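Q: From the sequence below, what's the structure:
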Amino acid sequence: MYLLNAKIVSVVMCLLVLLSACEKNKPDEDIDFQFQQGIWLINEGNFNSGLGSITYIDTGVDTLVENVFERVNGRKLGDVVQSLYFEEERMYIVVNNSQKIEVVDKKDAKSVGTITSLHSPRYIEKWGTESLLVSNFRSPYLQVVNRNTLQVTDSIAIPTANQATCWTEQLLVIEQELWIANMKDGQLQIVKEGEKMVSDSVAVAVDPNSMVLDREGYLWVMSGGGFCPVCETPALTKIDPRRKEVLQTWLFEGEGTPSSLVIDAEGQHLLYLYQGAVYKMNIGDDGLPTSALATFEGRNIYRLSLTDGKLWAADAVNYLQQGSVLQLNIETGALEKQYKGGFIPSSVYAIK
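A: Numbering: from 1, shown residues only. Now for the predicted structure:
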């Protein structure tokens with residue numbers, strides 16, 4: 001009798017889970033979502049978990065909407081949610097492990113289409129009038145997407161020492177040239193407008209994970225140094241993109257991996273994550289800062305973002321439960337606000 005009852009309970013529980021899942025995947029048709037101010041928060045979701053999501057936060061009235069894509073479109077976003085890209089009326093949601101980019105209307109997040117046939121997308125950059133370029137994890141190619149048809153139409157080969165491990169990360173257009181962060185080769189590779197091949201490069205430390213332009217037109221690159229035994233000392237590099245020349249390199253001699261390099265709206269101050277803290281550096285400084293702008297005892301700060309003059313730090317907790325995103329004062333590093341995040345909260349983007 002006990003075994004029979006246990007089986008019945010098990011079946012009922014399974015049915016309840018299935019019904020709950022079906023109910024959860026229905027669009028919220030009775031709610032008119034409008035996303036016009038505030039921020040978008042990326043929640044990567046654990047690898048293969050399907051828990052990737054985006055959260056809308058109205059910072060003016062301190063309200064948020066979780067799982068926006070799923071609630072609006074009735075299907076899960078996938079994993080791992082890597083980055084967002086905005087243009088005209090659209091928002092592109094790059095979903096790395098699901099090998100796709102979801103395209104939605106910026107106003108209401110309703111699906112416009114899905115870009116598939118991607119290898120393992122990371123970041124997007126506009127290229128010409130009709131194309132978008134997509135960087136990839138473990139692929140020796142950038143993929144070219146037609147903005148009108150949302151189809152992959154071409155590719156750009158990336159020179160690399162090992163095609164199996166090639167990893168292109170952030171993309172940045174500087175005066176009609178596309179700069180490509182080649183992670184494993186420790187290179188910034190350059191494609192000129194109108195061409196389909198890499199024509200030049202600048203060497204930096206391994207794993208260039210983020211780069212920004214300052215007010216004087218110089219390019220700053222943060223390199224994590226890779227993973228030992230194949231690793232180098234992490235470094236911050238200043239480059240003159242006009243002459244393709246490294247002007248100065250600062251080395252991080254301590255333990256840890258610097259990442260999330262951002263720059264303020266004036267293009268004067270660099271901010272980055274290192275050893276679990278936020279550091280701030282004037283572009284005219286002679287050396288790396290020795291004291292942190294903000295520290296986070298008991299937190300696991302995963303990513304740093306700067307948008308519309310506001311500094312954001314994402315707390316991933318233990319990567320197994322929902323985290324949070326912290327708004328920090330860009331001058332003092334003081335905590336100003338905190339909002340609930342999803343699983344592995346990451347980058348923050350302003351509503352555009």
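
Q: my read: residue 182 touches residue 158, true?
A: Yes: between residue 182 and residue 158 there is a contact under CB atoms under 8 Å: 6.4 Å. To be clear about C-beta, it is placed using only N, CA and C from the backbone, and glycine gets the same treatment.

Q: who touches both of those two?
A: The contact sets of residue 182 and residue 158 overlap at 166, 168, 189 (CB atoms under 8 Å, 6 or more residues apart in numbering).

Q: Could you check the pLDDT of the first one?
A: Right, the one you point to is residue 166. We have a pLDDT of 96 for residue 166.

Q: Return the distance of it relative to residue 80.
A: Per CB to CB, to the nearest Å, residue 166 is found 19 Å from residue 80.

Q: Next: the second one.
A: When CB to CB is the yardstick, residue 168 and residue 80 sit 16 Å from each other.

Q: higher neighbour count, these two?
A: More neighbours surround residue 168 than the other of residue 168 and residue 80, with 28 against 23 (other CB atoms under 10 Å).

Q: so who does the more buried one touch?
A: 122, 135, 136, 139, 142, 158, 180, 181, 182, 183 are the contacts of residue 168 under CB under 8 Å, 6+ apart.

Q: how does it look with 6 Å?
A: Neighbour list for residue 168: 135, 136, 180, 182 [criterion: CB atoms under 6 Å, 6 or more residues apart in numbering].

Q: OK, contacts around the closest residue to it other than its chain neighbours?
A: Once flanking residues are discounted, residue 168 sits nearest to residue 135: 3.8 Å by CB to CB, 6 or more residues apart in numbering. Applying CB under 6 Å, 6+ apart, one finds that residue 135 lies in contact with 122, 123, 142, 168, 169, 171.

Q: and residue 197, how many neighbours?
A: By the measure other CB under 10 Å, the count of residues near residue 197 is 11.

Q: do the same with residue 269
A: Look at residue 269: counted by other CB under 10 Å, it has 20 neighbours.

Q: Equivalent analysis for residue 320, please.
A: Quick note: residue 320 (other CB under 10 Å) scores 11 neighbours.

Q: Would you mind measuring from it to residue 300?
A: Look at residue 320 and residue 300: by CB to CB, they are 11 Å apart.

Q: got it, and residue 343?
A: 13 Å.

Q: between those two, who's got more neighbours?
A: More crowded of residue 343 and residue 300, by other CB under 10 Å: residue 343, with 21 against 14.

Q: I figured the more buried one hits residue 45, correct?
A: Yes: using CB atoms under 6 Å, residue 343 is in contact with residue 45, at 5.0 Å.

Q: which neighbours do the two share?
A: With CB under 6 Å, 6+ apart, residue 343 and residue 45 have common neighbours residue 51.

Q: residues touching the closest residue to residue 41 other than its chain neighbours, list them.
A: Ranked by CB to CB, 6+ apart and with sequence neighbours excluded, the top spatial neighbour of residue 41 is residue 55, at 4.3 Å. When contacts are counted by CB under 6 Å, 6+ apart, residue 55 touches 41, 64, 66, 342.

Q: one more time with 10 Å, if that's ok
A: With contact set as CB atoms under 10 Å, 6 or more residues apart in numbering, residue 55 has these partners: 39-43, 64-68, 325, 339-342, 345, 348.

Q: Pull out the buried members of those residues.
A: Buried subset of these (neighbour count, 16 or more other CB atoms under 10 Å): 39-43, 64-68, 325, 339, 341-342, 345, 348.

Q: which one among the residues you listed gets closest to residue 76?
A: Taking CB to CB as the measure, residue 76 sits nearest to residue 67 out of these, at 8.4 Å.

Q: so the closest one makes contact with residue 43?
A: Yes: using CB atoms under 10 Å, residue 67 makes contact with residue 43 at a distance of 8.8 Å.

Q: what touches both of these two?
A: With CB under 10 Å, 6+ apart, residue 67 and residue 43 have common neighbours 51, 52, 53, 54, 55, 77, 342.

Q: If you rank those by neighbours, which is first?
A: Busiest of the shared contacts of residue 67 and residue 43 [other CB under 10 Å] is residue 52, holding 30 neighbours.

Q: Run a quick check on residue 267 versus residue 283, I expect a contact.
A: Yes: if you go by CB under 10 Å, residue 267 and residue 283 touch, sitting 7.6 Å apart.
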